[in-house]
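Chemist: Whatever this is, show me its structure:
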Amino acid sequence: MDILFFLQDAAGGAGGGTPVQAPPASGPGELLKMLPMFGMIFVVMYFLMIRPQGKLRKEREALLASLKKNDHVVTSSGIYGVIKQVKSDDPFVTLCIDERNDVCIRVSKESIAKVEGDAKAEPKAETQEKKS
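Modeler: Model (predicted):
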């Protein structure tokens, strides 16, 4: 019986509590007031999520299209190697991972994570900086 009394009191029934008012009716005018807010949310989502992903996708496609022989690359699995054969119509490249023993593997172009600078060009740049 105490529980029933508590529920009536919370609902504004008997017990002297303040009466509960019904929420204001929402109509088409309320929806029209919210449309600009939804538009703003979409614009923010576009600039924070959709546009940056498009830029990254274009950069990745340009990287894969610019692969050429003797590029030093790293695959997504962490394998370092030198490209020995690449064809524009072939989705695979031949990657030499040990030039002394002529160990080469064939990997998908999509697995190339990044292209590193030429190994022979890097020490020259370092020695020029040390002389300065």
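Chemist: how about residue 66, phi and psi?
Modeler: When read as degrees, to the nearest 10, the backbone of residue 66 gives phi -90, psi 10.
Chemist: Which residue, neighbours along the chain excluded, lies closest to it?
Modeler: residue 115 (7.8 Å; Cβ to Cβ, 6 or more residues apart in numbering). Where you see a C-beta, it was placed from the backbone N, CA and C, and this is true even at glycine.
Chemist: Is it correct that that neighbour is in contact with residue 75?
Modeler: No - under the criterion of Cβ atoms under 8 Å, residue 115 is not in contact with residue 75, lying 11.2 Å apart.
Chemist: ok, these two, which is more surrounded?
Modeler: Each of residue 115 and residue 75 has its neighbours counted (other Cβ atoms under 10 Å); residue 75 has more, 19 against 16.
Chemist: mind checking how far the closest residue in space to the more buried one that isn't next to it in sequence is from residue 90?
Modeler: Nearest non-adjacent residue to residue 75, counting by Cβ to Cβ, 6+ apart: residue 111, 4.8 Å away. Remark: distance between residue 111 and residue 90 (Cβ to Cβ, to the nearest Å) = 14 Å.
Chemist: how about the strands of the chain, start to end?
Modeler: Applying DSSP state E to the chain gives strands spanning 72-75, 80-86, 92-98, 103-108, 112-116.
Chemist: For those strands, give me TSV that also has distance to residue 43 and mean pLDDT.
Modeler: Output for the strands of the chain, formatted as TSV (distance: least, Cβ to Cβ, whole Å; pLDDT from 0 to 100):
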stretch	distance to residue 43	mean pLDDT
strand 72-75	37	95
strand 80-86	41	93
strand 92-98	41	93
strand 103-108	37	94
strand 112-116	32	92
